[in-house]
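Trainee: Predicted model, plus sequence, below.
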2 protein chains.
Amino acid sequence: MPDALPGWNNTAAKQSIIDFVAAVTDPASDDFVPAADRVAVFDNDGTISTETPYTQLAFALDRAAQLGKPTTPEEVHAGGIGAALALIQLTHGSITTDAFDAVVRDWIATARHPHFGRPYSALVYQPMIELLDLLKANGFACWVFSGGGSDFMRAWAPEVFGIPPHRIIGSTSSVTFELRDDGPRLVKGTDIAVIDDKEQKPVSIHQAVGQRPIFAAGNTDGDLAMLQWTAASPYRNLEIVVHHTDAVREFAYDVDPVLGSGTANVLAAAASGGWTVIDMAADWATVYAPD
Amino acid sequence: MPDALPGWNNTAAKQSIIDFVAAVTDPASDDFVPAADRVAVFDNDGTISTETPYTQLAFALDRAAQLGKPTTPEEVHAGGIGAALALIQLTHGSITTDAFDAVVRDWIATARHPHFGRPYSALVYQPMIELLDLLKANGFACWVFSGGGSDFMRAWAPEVFGIPPHRIIGSTSSVTFELRDDGPRLVKGTDIAVIDDKEQKPVSIHQAVGQRPIFAAGNTDGDLAMLQWTAASPYRNLEIVVHHTDAVREFAYDVDPVLGSGTANVLAAAASGGWTVIDMAADWATVYAPD
């Protein structure tokens, strides 16, 4: 049988995935899980996609400049939550859902990452794409629950991740239905209605999936509640924490340099719960697919 | 080829469905729609399920009595929105999602409709179940967008409709993640966070599906915005309005007797937009599957 995870080194992390998938798909196993209950949930930034910088922040800064109101990451960082909200209002609100979708598609097709010089949509972790494919091939429904915006991610991530739009859930603004002379439209508000992070993640999973996952992958304390909720499934389950240890091929950090999300709590929970911690430098043979 | 819609009489309503499905699935047709874009949305109460009385109201009244605080439909009706909210708080809130799911499953297995004497889950319109099956067999993803509660419907409708829980979207309360000594749990609040009716329906479709439907079915003015949003799709599309004209086999009414939802606006829009209006008495050979 060909190796379904060629981007992974043959370490314990890879073996934990192979063992889990084999057990829950084997009808003769006590750990067998019916296909309809094989729900897998993934964080996005730092788990599937690089988050240095956040793809959506890079978009917002480019969009602000395009709208004639340029700002810098340093200004946003110094201005705190107020500056971040103002940037989101300017770049994500007061626009129809159709127009926003087109703006993001244009941006993702042309923008390049400042360090790697490649499209942001190419800077997804090849081992995690392989993992998604392995789970899908074994009957799992794979979902994304991210602090990033639903509308932003759905404009580019479905084809990159191989996940349909409805399975990509993130933060949302209010949206308003307007019936005009030229027809109905949906308009994005300038508020933030739902921040899909921390304790909201299992709540969003309940609202959007209506089933409890048996697999979860994240990388920061923002994913802890989602991982805890999954770990308490009555079925055999697997929790994965992506640890950014690779200063050569990617970046090494324990605290996200922009939003300050930490990893202390999730790594402690992983240690006590027997979750799989991925040491990117040691466990991954590849980080990004070749150019 | 066997008739996929045996519960329908051979009238123009049935033909409009057959023509639509044939056109959007024919790769040689100008109306062809790729399978990934074949999204169909259905209202539930009065469109798939009988709404006289509302299944969820019957549950709430039984649950209130079980909790030692009995009330009557007349009291709820006379008390208006305040009485309805109090009933929902009492019967749907301050309970874990797991416990609520079990309570609804127990109720649906034992409760009987006061007029028909059958389980509520049997009182779904056989022609609409056939329509769901026809669409699914032709590559459509079928979704429910209902004013009823997501958690209530998901406890019984998936197997009755043949639709997975995540494709059944309704009104929601807030939900809170709690980490206790015996593990995490999700607790339903006593508020109503989202009422999935009227202009909220296309908004909920955007948030939950992320694609615009090409097929929509409803029965009251509460479904009008969802039908308008679908009718404005750039693809060929079909809108259906179920009109309750059958006083013999079901009930004949134009205004819902409990919540007062009307049909004047949706029937006017159907007439001007060329939508398919189903005259239940004339267009349906069967209403409910045999006992």
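Mentor: Alright, I've got the coordinates. Numbering: from 1, shown residues only, chains lettered A, B, ... in the order given.
Trainee: Which residue comes closest to the closest residue to chain B within the stretch 1-150 of chain A once chain neighbours are left out?
Mentor: Proximity of the stretch 1-150 of chain A to chain B (Cβ to the nearest Cβ) peaks at A:Thr97, 5.9 Å away. C-betas here are computed from N, CA, C, even on glycine. Leaving out its chain neighbours, the residue that sits closest to A:Thr97 by Cβ to Cβ, 6 or more residues apart in numbering or on different chains is A:Leu186, at 4.4 Å.
Trainee: mind listing what the helix or strand hosting that neighbour pairs with, with the direction of each?
Mentor: Assigned by DSSP states H and E, A:Leu186 belongs to strand A:183-188. Note on strand A:183-188: by DSSP bridges, its sheet partners are strand A:95-96 (antiparallel), strand A:175-180 (antiparallel).
Trainee: Enumerate the residues of the stretch 1-150 of chain A near chain B.
Mentor: A:Ala36, A:Thr97, A:Ser150 (Cβ under 8 Å from any Cβ of the partner chain).
Trainee: Could I have the buried ones of the residues you listed as PyMOL selection syntax?
Mentor: A single PyMOL command selects the buried members of the residues of the stretch 1-150 of chain A next to chain B (16 or more other Cβ atoms under 10 Å in any protein chain shown):
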select buried, chain A and resi 97+150
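Trainee: Tell me the strands beside the longest strand along chain A, with direction?
Mentor: Identified as the longest strand of chain A according to DSSP state E is strand A:141-149. With DSSP bridges as the test, strand A:141-149 is paired with strand A:39-42 (parallel), strand A:168-171 (parallel).
Trainee: who touches the strand holding A:Leu186?
Mentor: With contact meaning Cβ atoms under 8 Å, 6 or more residues apart in numbering or on different chains, strand A:183-188 is reached by A:92-98, A:100, A:151, A:173-178, B:202-203, B:206, B:225, B:228-229, B:232.
Trainee: can I get the strands paired with strand A:183-188 in CSV with mean neighbour count?
Mentor: Formatted as CSV, the strands paired with strand A:183-188 follow (neighbours: other Cβ atoms under 10 Å in any protein chain shown):
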stretch, mean neighbour count
strand A:95-96, 16
strand A:175-180, 14
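Trainee: Would you reformat those as CSV and include mean pLDDT?
Mentor: What follows is the strands paired with strand A:183-188, written out as CSV (pLDDT from 0 to 100):
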stretch, mean pLDDT
strand A:95-96, 97
strand A:175-180, 97
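Trainee: In JSON lines, list the ones you listed along with distance to A:Met280.
Mentor: Putting these into JSON lines (distance: least, Cβ to Cβ, whole Å) gives the following:
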{"stretch": "strand A:95-96", "distance to A:Met280": "36"}
{"stretch": "strand A:175-180", "distance to A:Met280": "37"}
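Trainee: what's the burial count for A:Thr263?
Mentor: 25 (other Cβ atoms under 10 Å in any protein chain shown).
Trainee: Chain A: helices as residue ranges?
Mentor: Remark: helices assigned in chain A by DSSP state H are A:12-24, A:55-66, A:73-92, A:97-110, A:126-137, A:150-154, A:157-161, A:200-208, A:224-231, A:264-273, A:280-283.
Trainee: distance of A:Ser173 from chain B?
Mentor: Noted for A:Ser173: a distance of 10 Å to chain B, by Cβ to the nearest Cβ, to the nearest Å.
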